[in-house]
Every structure is written in C-alpha cells, then in structure tokens.
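1. Quick one, structure for this:
(one chain, ligands or ions: 1)
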Amino acid sequence: MNRRYRVVVVGGGVTGLMAAMLLGRGVPGEALEVTVVDAAPRPDFSPDGDVALRVSAIATGTAALFEEVGAWDHVAAMRASPYESMRVWDENDSPDSATALRFDAAEFGVPQLGFIVENVLLQAALLQRLDDAPVDLRFACPIRAVRREARCYDIELGNGTRLAADLVVGADGARSFVRSAAGIEAQEWPYEQTAFVTHLRPEKPHRATAWQRFLRDGPLGMLPLADGRVSVVWSTTPGRAQAALDADDVALGRMLSDASDYVLGELGVAGPRGAFPLCARHAQQYVLPNLALIGDAAHAIHPLAGQGANLGLQDAAELARQVHRALGAGLHPGDRPVLRRYERARKGANATMLHFMTGLNRLFATDSKFVEGIRAAGMRVFNRGGPIREHAVKVALGVD
Ligand SMILES: Cc1cc2nc3c(=O)[nH]c(=O)nc-3n(C[C@H](O)[C@H](O)[C@H](O)COP(=O)(O)OP(=O)(O)OC[C@H]3O[C@@H](n4cnc5c(N)ncnc54)[C@H](O)[C@@H]3O)c2cc1C
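-> Here you go, the predicted model:
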C-alpha cells in the first residue's frame with residue numbers, strides 16, 4: 001500500500017527551500033506532501049537591480065548540491081562570483097607574509113574554491129524549481145502555534161488555517177519559533193560583536209580573492225563580487241558598527257580602508273549598509289519525534305569563515321537522505337530513530353565548526369605576545385601542508 005506523509009517546512013530561507021526541494025522528491029510508491037510556510041513575503045530577485053546586501057560564500061561542494069536539484073544553472077546565469085583564492089592575516093602582518101594563511105584553487109586542481117552569491121538569488125533559484133514541483137508554497141504566512149498531537153504536530157497559521165504534519169522541519173532561523181514551541185533549549189555564546197555589512201569599490205582589483213584581516217575587535221572580510229566591488233563583513237564592537245552605520249560616505253570609506261590596511265587601496269562606499277549582532281547558538285537537540293531542526297534554527301555560528309549557510313544546506317541534504325532511506329525501508333519518516341540518524345550525522349560536525357570559529361575569533365582578539373607567537377608558528381606549520389591543512393581545505397571546498 002502506498003502511504004502519504006505530510007511534511008511542513010517552517011521557514012523558506014535557503015535551508016528550508018533546499019529541504020523542501022529534496023524531500024519533495026520522495027521515493028517511488030511513498031510520497032511526501034510538502035508544504036513550506038514562511039512569515040516573510042516571497043523573495044524577489046531581479047537581475048536588473050543592484051547586488052543585494054546579504055551575500056554568502058558558497059563552497060564548491062554546496063554549489064554541487066544546487067546542481068543536483070537543477071537550481072545552479074539559474075544562479076550561474078545571473079551573477080555568481082567565483083573566488084579562486086583566500087588570504088587570511090593578522091593585523092600586525094601582511095597578506096603576503098609567511099604567517100598569513102593562503103589557499104589557492106589551482107593548488108588543489110579545482111577552478112575555484114567557491115562562489116559569492118546573493119542569498120535572495122539562491123532562494124529564487126530554488127523557488128523556480130519548486131514552482132514546478134508538487135510542493136505547496138505559502139509566503140507572508142506567519143505561524144501562530146505549533147502543538148504536539150498523538151503522532152503528529154498541529155500547526156496553526158496566522159490566518160487561522162491549521163496544518164497537520166507527520167514531520168515538522170524547523171528551518172525558521174536563529175530565533176526559531178518551532179524550536180521554542182517544541183521546548184528545545186539552545187545554548188548561547190554572545191560574541192559581543194556586531195557584523196557591519198556593505199559593498200565597497202576598491203581602488204585595486206580584488207583578484208577573485210576572499211580577503212580576511214583579523215583585528216583585535218574582530219575580523220574584516222572582503223568577498224569579491226562579479227562587478228569588481230567587494231562585499232564587506234566587518235565584525236567589530238557594537239559601538240564601531242553603529243559608527244559605521246551613521247558615518248557619511250567619505251568617513252566610512254576611510255574607516256574601512258584603514259581597517260583593511262589598504263590591501264586593496266582606497267575603498268569607496270558603493271552599496272547599502274546593514275548590521276547584524278553576532279551570537280553563537282546551538283540547540284541541545286536537533287530532533288524530537290515528528291520534528292527536526294535544520295540550519296540556523298539548529299546552529300548559528302560566527303560568519304568569519306562563511307560556513308553558516310553551507311552547514312545548513314548540508315543539514316537539509318542529510319535529513320532528506322535519512323527520510324528517504326526510512327521510506328524505502330517502510331518506516332515512518334517522523335520516527336525518532338529515523339530522525340536521530342540525521343542528528344547523529346550532523347550535530348557533531350556542526351558543533352566542531354561552531355567551537356572552532358569561536359576559538360579562532362578569540363585567538364586573534366588578544367594582545368598577548370605569547371599567544372601571538374604561537375599563532376604565527378601555527379600559521380607557518382599550516383602553510384607547509386599536512387593533514388590539518390588538507391582537512392581545512394576540504395572544509396573550505398565543502399567536500400568534507
Ligand atoms: C553578516 C553575515 C554574513 C554571513 N556570511 C555567510 C557566508 O559567507 N557563507 C555562509 O555559508 N553563511 C554565511 N552567513 C550565515 C548565513 O547567512 C545563515 O547561516 C543562513 O542564512 C541561515 O539560513 P536559514 O535558512 O537556516 O535561516 P534564515 O535565512 O534566517 O531563514 C529563516 C526563514 O524563516 C522565516 N521565519 C522565521 N520565523 C518564522 C515564523 N515564526 N513563521 C514562519 N516563518 C518564519 C524567515 O522569514 C526566513 O525566511 C552569514 C551570516 C551573517 C550574519
């Protein structure tokens with residue numbers, strides 16, 4: 001007998017839409033009826049508009065996932081910007097010194113390490129595929145309640161509609177409503193940093209390189225955009241981030257040129273501005289019977305290595321893999337042992353990345369000469385090669 005199961009994905013960000021795309025495929029004879037519910041209006045991408053404020057570094061391995069679901073061609077046809085190199089250095093150093101971290105795609109026999117893509121374009125590419133899939137998309141539709149029933153969840157939408165779900169996927173971001181409604185605690189580690197984000201036009205070419213300078217207050221990242229600009233993520237004190245938001249264009253250009261140590265010459269203001277308070281957060285459980293958390297709802301990490309969305313997309317892929325496996329074996333996709341397999345596959349990997357990013361951020365935020373010495377020695381060893389570097393490269397490429 002063919003069975004049909006109802007899946008409600010709460011959150012239509014990149015991870016929720018990817019989960020819907022993958023889950024919606026089902027397995028022969030066992031179908032999943034997938035609904036996506038998002039509080040925000042349907043995201044709209046226009047190739048004629050300016051590059052959106054929020055962009056993500058998407059690793060090559062993650063881009064392969066978009067290819068697998070037929071969404072990458074749309075991204076590539078619009079404006080994905082490949083990056084071929086990464087340079088990471090300390091404020092007392094230069095990006096060309098022996099103690100700066102270097103990764104070059106050519107060294108690993110790949111054309112690029114990844115791509116800088118607008119978040120809204122990733123969503124639009126997935127939505128274009130989902131429009132042709134048997135998935136019910138409901139935007140501008142906040143949820144009012146998530147209640148546990150005997151073997152399912154009852155989800156009440158803002159307009160009073162109720163949906164029953166054999167499996168609820170909480171993909172509703174760092175302040176997940178699903179997570180709190182289900183009573184899942186999350187541990188928090190505030191960074192006391194705010195990420196100031198904008199686009200800048202550098203005097204010198206960015207050379208398809210992702211640049212990151214570690215300052216005492218936090219790292220300054222500059223990601224190459226296809227039109228020659230760089231997208232800046234400056235993690236700094238909340239006060240400095242506010243000053244950057246309030247500064248006039250000339251003062252802001254000077255502030256960020258100083259922070260970047262003029263590695264790309266003078267930086268000219270050339271885009272919108274925004275600020276995001278930073279906090280690491282990890283859910284104590286990813287799953288309960290009939291419920292799974294993915295993406296930022298399960299874990300939020302420091303943006304310094306551009307891994308948050310990449311990890312969330314891997315969660316989506318792993319959850320779909322385990323659900324399909326269970327369906328193939330005649331199991332209920334919401335059974336705890338099925339969902340626990342997803343949790344076991346992802347929680348450890350995400351925790352490692354979360355704590356590594358927190359540690360790295362702290363390692364550079366010190367004036368200690370002793371720590372500086374260890375850091376420089378570590379960087380030299382890292383650049384010489386070996387298993388740690390190989391592992392880091394796999395993570396950067398998203399093929400770990
Ligand atoms: C400054 C900055 C730079 C970053 N750079 C990178 C990078 O280079 N590379 C990278 O991989 N990651 C990066 N990240 C992290 C990345 O942006 C996030 O990890 C990713 O966007 C999380 O996606 P998500 O779909 O899990 O959650 P979100 O993008 O937060 O999406 C959640 C969705 O849920 C919806 N929602 C929320 N509440 C409800 C509700 N009650 N009912 C219905 N819907 C709801 C929201 O409307 C939203 O659409 C960065 C983060 C920051 C802050």
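2. Check which helices and strands the helix or strand harbouring residue 341 sits against.
-> Secondary-structure element containing residue 341, defined by DSSP states H and E: helix 336-364. Other elements packing on helix 336-364 under the criterion 3 or more C-beta pairs under 8 Å, 6 or more residues apart in numbering; DSSP states H and E are strand 186-202, strand 218-224, strand 267-283, strand 287-288, strand 291-293, strand 299-300, helix 308-328, helix 369-384. Where C-beta positions appear, they are placed from N, C-alpha and C, glycine not excepted.
3. Next, please give the residue ranges for the strands of the stretch 51-200 of the chain.
-> Under the criterion DSSP state E, counting those that start in this stretch, strands of the stretch 51-200 of the chain are mapped to 55-59, 81-83, 85-90, 101-104, 114-118, 135-138, 143-148, 153-157, 162-165, 167-170, 186-202.
4. and the longest one, what does it pack onto?
-> Helices and strands in packing contact with strand 186-202 are listed as strand 218-224, strand 230-236, helix 238-246, helix 249-259, strand 267-283, helix 336-364; criterion 3+ C-beta pairs under 8 Å, 6+ apart.
5. Mean neighbour count and mean pLDDT added to those, as CSV?
-> Formatted as CSV, the helices and strands packed on strand 186-202 follow (neighbours: other C-beta atoms under 10 Å; pLDDT from 0 to 100):
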stretch, mean neighbour count, mean pLDDT
strand 218-224, 25, 95
strand 230-236, 25, 97
helix 238-246, 16, 98
helix 249-259, 16, 97
strand 267-283, 18, 95
helix 336-364, 17, 86
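6. residue contacts, the closest residue to residue 155 other than its chain neighbours?
-> In space, and not counting its chain neighbours, residue 155 is closest to residue 163: 4.6 Å by C-beta to C-beta, 6 or more residues apart in numbering. Counting by C-beta atoms under 8 Å, 6 or more residues apart in numbering, residue 163 touches 6, 8, 35, 37, 154, 155, 157.
7. Identify the residue of the stretch 151-300 of the chain closest to the ligand, quick one.
-> The minimum distance from the stretch 151-300 of the chain to the ligand, using C-beta to the nearest ligand atom, falls at residue 295 (2.4 Å).
8. Return the residues of the stretch 201-350 of the chain in contact with the ligand.
-> With the criterion set to C-beta under 6 Å from any ligand atom, the stretch 201-350 of the chain comes near the ligand through 233, 276, 295, 296, 303, 306, 307, 308, 309, 310, 312.
9. nearest to residue 210, of those residues?
-> The shortest approach to residue 210 among these belongs to residue 306, at 7.6 Å (C-beta to C-beta).
10. For that closest one, list the residues it contacts.
-> 56, 57, 114, 210, 221, 223.
11. Let's see that with 10 Å instead.
-> Contacts for residue 306 (C-beta atoms under 10 Å, 6 or more residues apart in numbering) come out as 55-59, 83, 86, 114, 116, 210, 212, 221, 223, 233, 396.
12. Quick one, which of those are buried?
-> For the contacts of residue 306, a neighbour count by 16 or more other C-beta atoms under 10 Å gives the buried set as 55-59, 83, 86, 114, 116, 210, 212, 221, 223, 233, 396.
13. what about the chain, any weak spots by pLDDT?
-> Within the chain, the ranges that satisfy pLDDT under 70 run 1-2, 27-30, 360-389, 391-393, 395-396, 398-400.
14. what residue lies at the spatial centre of the chain?
-> Geometric centre of the chain, nearest residue: residue 309, 1.6 Å, by C-alpha atoms, centre = their mean.
15. Let me know how buried residue 174 is, in neighbour terms.
-> Neighbour count of residue 174, defined by other C-beta atoms under 10 Å: 18.
16. In a helix, residue 21, correct?
-> Yes: under DSSP: H, G, I helix; E, B strand; the rest coil, residue 21 sits within a helix.
17. For the stretch 51-200 of the chain, list the residues in contact with the ligand, please.
-> Residues of the stretch 51-200 of the chain lying near the ligand (C-beta under 6 Å from any ligand atom): 56, 57, 119, 142, 143, 171, 172, 173, 177, 195, 197.
18. Select only the buried ones of those residues in ChimeraX?
-> Selection of the buried residues among those in ChimeraX, burial being defined by 16+ other C-beta under 10 Å:
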select :56,57,119,143,171,172,173,177,195,197
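19. Return the member of the residues of the stretch 51-200 of the chain next to the ligand nearest to residue 12.
-> Out of those, the member with the shortest distance to residue 12 (by C-beta to C-beta) is residue 171, at 7.9 Å.
20. thinking again about what came up before, what angle separates the helix holding residue 341 from strand 230-236?
-> 80 degrees (axes from the mean of the first three to the mean of the last three C-alpha atoms, to 10 degrees).
21. Specify the angle between helix 336-364 and helix 308-328 in degrees.
-> Using the same axes, to 10 degrees: helix 336-364 against helix 308-328 is 170 degrees.
22. Tell me how far helix 336-364 lies from the chain's centre.
-> 14 Å (C-alpha atoms, centre = their mean, to the nearest Å).
23. and what of stretch 287-300?
-> For stretch 287-300, the distance to the chain centre is 15 Å (C-alpha atoms, centre = their mean).
24. Look up the residues forming beta bridges with the closest residue to residue 138 other than its chain neighbours.
-> For residue 138, ignoring the flanking residues on the chain, the nearest one in space by C-beta to C-beta, 6+ apart is residue 37 at 4.9 Å. Beta-bridge partners for residue 37, by DSSP bridges, are residue 10, residue 138.
25. which residues does residue 37 contact?
-> Residues in contact with residue 37 (C-beta under 10 Å, 6+ apart) are 8-12, 16, 136-143, 155, 157-158, 161, 163, 168, 172.
26. do residue 71 as well
-> So residue 71 contacts 17-18, 21, 63, 65, 122-130 (C-beta under 10 Å, 6+ apart).
27. Then residue 212?
-> Contacts of residue 212 (C-beta under 10 Å, 6+ apart): 86-89, 95, 100-101, 219-223, 233, 260, 304-306.
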